[in-house]
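1. Predicted structure and sequence below. I'll ask about it afterward.
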Amino acid sequence: MRILIVDDDKSILKLIARVLRDEAYAVDTASTGEEARTLALVNEYDGIILDLQLGDRHGFEILQELRRHGRHTPVLLYSGRADTDSIVRGLDAGADDYVVKPVSRRGTGSSRVGEQVSVGNLTLNRLTRRVTSNAQEVNLTSMELKLLEHLMLKAGETVSRSELHDKVWDMHFDPSSNVIDAHVARLRKKLQQAGSSASIATRRGIGFVLTPTSVSPSAEMT
C-alpha cells in the first residue's frame, strides 16, 4: 500500500515515514501544502496523512481541493487542536478520520489488531507482518512481503506491473528492467517451498494474479 504523509515539521515527517516503512508500506512525503497537492493529484494513494497547520497552506484547503477534483483517497487529518469545532470541520471537509497530536505508535497499531487476509492456506497478519502457510511461518524479505500483501488484497484480480511499481515499490527504477519479475519469481518459489495452496500466475503482457491452486486461472505460468 502507498501512503502520502504531509507535515512541515521534517523531524515528525521522517519519524512517521520510518514507522510506516517498518510496517512495509510504500511512503511518499511532502513538507509543504503545494507539494502535497501536486503529489496527491498526480499519484494514486491508498491513504493520506495530512497535518492541518502547514507553512504555506491550511490542511482543510488541500483536503477540500482534492475532493473537488474527485479524489476520494482516505484522508487522516492530525493536529494539535482537539476542540470539537476543528474535528467537526475536518470531517465536514471530507476527512475520513481526525487524530490529535501527539500520535503514539501503539495507538496507531491498535486499530489494526486482528487484521489479516487469507488466500487458500496462506495467511498474512497485517499487524505482526507474519505470513504462514499451513500454520508454518514463511520467511520473506520486506519487499517480498509488500508484494505479497498487495497481491493477496487483490486475490483473483490481475495486477499490472505498472500498478505494482506505483503501489509497492517506493523507489524509481527503469521500467524496462526485470526487477518486478525477479521478485515475483523468488516469492513464487518461496510459496511453493512452503506448500502454499495459493500460487502466482503470470498473464503475459498484462500482469500477475494470485489464486488458490484449486482455482485454475486462464493464465500462463512462468
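-> Perfect, thanks for sending it.
2. The lowest-mean-pLDDT helix or strand in the chain: what's the following helix or strand?
-> Within the chain, confidence by mean pLDDT, DSSP states H and E is lowest for helix 105-110 among all helices and strands, at a mean of 38. Reading on from helix 105-110 to the C-terminus, the next helix or strand found by DSSP states H and E is strand 116-119.
3. Parallel or antiparallel, which strands does that following strand pair with?
-> With DSSP bridges as the test, strand 116-119 is paired with strand 122-125 (antiparallel).
4. ok now the strand it pairs with, how far from the chain's centre?
-> Centre-to-centre, strand 122-125 and its host chain are 16 Å apart (CA atoms, centre = their mean, to the nearest Å).
5. Mind listing residues that contact it?
-> The contact list for strand 122-125 (CB atoms under 8 Å, 6 or more residues apart in numbering) reads 115-118, 130-133, 138, 145, 148-149, 152, 191, 196-198. Bear in mind the C-beta positions are built from the backbone N, C-alpha and C, glycine included.
6. Show me these that map onto strands.
-> Using DSSP state E, 116, 117, 118, 130, 131, 132, 133, 198 are the members of the contacts of strand 122-125 that sit in strands.
7. My understanding was that the fourth one contacts residue 140; is that so?
-> Read it as residue 130. No: counting by CB atoms under 8 Å, residue 130 stays clear of residue 140, with 9.7 Å between them.
8. more crowded one of those two?
-> Set side by side, residue 130 and residue 140 show more neighbours around residue 140, with 22 against 14, by other CB atoms under 10 Å.
9. list the buried ones in the longest helix seen in the chain?
-> Longest helix in the chain, counting residues (DSSP state H): helix 179-193. Residues 179, 180, 183, 184, 187, 188, 190, 191 are the ones in helix 179-193 that count as buried (16 or more other CB atoms under 10 Å).
10. Show me what that helix is packed against.
-> Helix 179-193 is packed against helix 142-153, helix 161-167, strand 198-203, with contacts defined by 3 or more CB pairs under 8 Å, 6 or more residues apart in numbering; DSSP states H and E.
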